[in-house]
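Trainee: Provided below for reference: sequence and predicted model.
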Amino acid sequence: QVQLVESGGGLVQAGGSLRLSCAASGLSFTNYAVAWFRQAPGKEREFVAVINWSSVSRNYADSVKGRFSISRDNAKNTVYLQMNSLKPEDTAVYYCAAGIYSTLAPKYNSWGQGTQVTVSS
């Protein structure tokens, strides 16, 4: 399994930006697609973005298209989520996950511990 550690969360005003990082260790990182999910209080975990091993394929939730961008640096075993034009509704714990390229959480068998993102209005 791949071990994942997220960082970069914090408190930001609406309209601001944050960049989350997901650092991987363990088995070969390039064997896996990596996705970001998020979970707000009282809500189910939802898909945010995914990138395949070669960065050729990417997919985003409709709610973040045009504002968020996912990228990866396989030499650094790291995936990034650049979040721009943040809204209060983006407030959640953000998780990265490694597995099969999909928007579905059960397709991912390695998860990080999460990083809190709070957007104030």
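Mentor: Arrived safely.

Trainee: Check what pLDDT the spatially most central residue of the chain gets.
Mentor: Centroid check for the chain by C-alpha atoms, centre = their mean gives residue 36 as the closest residue, at 2.5 Å. On pLDDT, residue 36 comes in at 98.

Trainee: any idea how far residue 71 is from it?
Mentor: As for residue 36, its distance to residue 71 is 11 Å (criterion: C-beta to C-beta, to the nearest Å). Quick note: C-beta positions are derived from backbone N, CA and C, even for glycine.

Trainee: Please enumerate the shared neighbours of those two.
Mentor: Residues touching both residue 36 and residue 71 (C-beta atoms under 8 Å, 6 or more residues apart in numbering): residue 79.

Trainee: what's the helix or strand for the residue nearest to the centre of the chain?
Mentor: strand 33-39 (DSSP states H and E).

Trainee: ok, then the element right after that strand?
Mentor: Using DSSP H and E, the first helix or strand after strand 33-39 is strand 46-51.

Trainee: For that next one, give me every contacting residue.
Mentor: Contact with strand 46-51 is made by 33-39, 57-61, 64, 68-72, 79, 81, 94, 101-105, as judged by C-beta under 8 Å, 6+ apart.

Trainee: tell me the contacts of residue 39?
Mentor: Applying C-beta under 8 Å, 6+ apart, the residues contacting residue 39 are 45-46, 92-93, 95, 114.

Trainee: List only those of the contacts of strand 46-51 flagged as buried.
Mentor: Buried subset of those (neighbour count, 16 or more other C-beta atoms under 10 Å): 33-38, 59-61, 64, 68-70, 72, 79, 81, 94, 101, 105.

Trainee: What distance do you get for the nearest residue to residue 109 once chain neighbours are set aside to residue 106?
Mentor: Closest residue to residue 109 apart from its sequence neighbours, by C-beta to C-beta, 6 or more residues apart in numbering: residue 99 at 5.2 Å. Per C-beta to C-beta, residue 99 is found 9 Å from residue 106.
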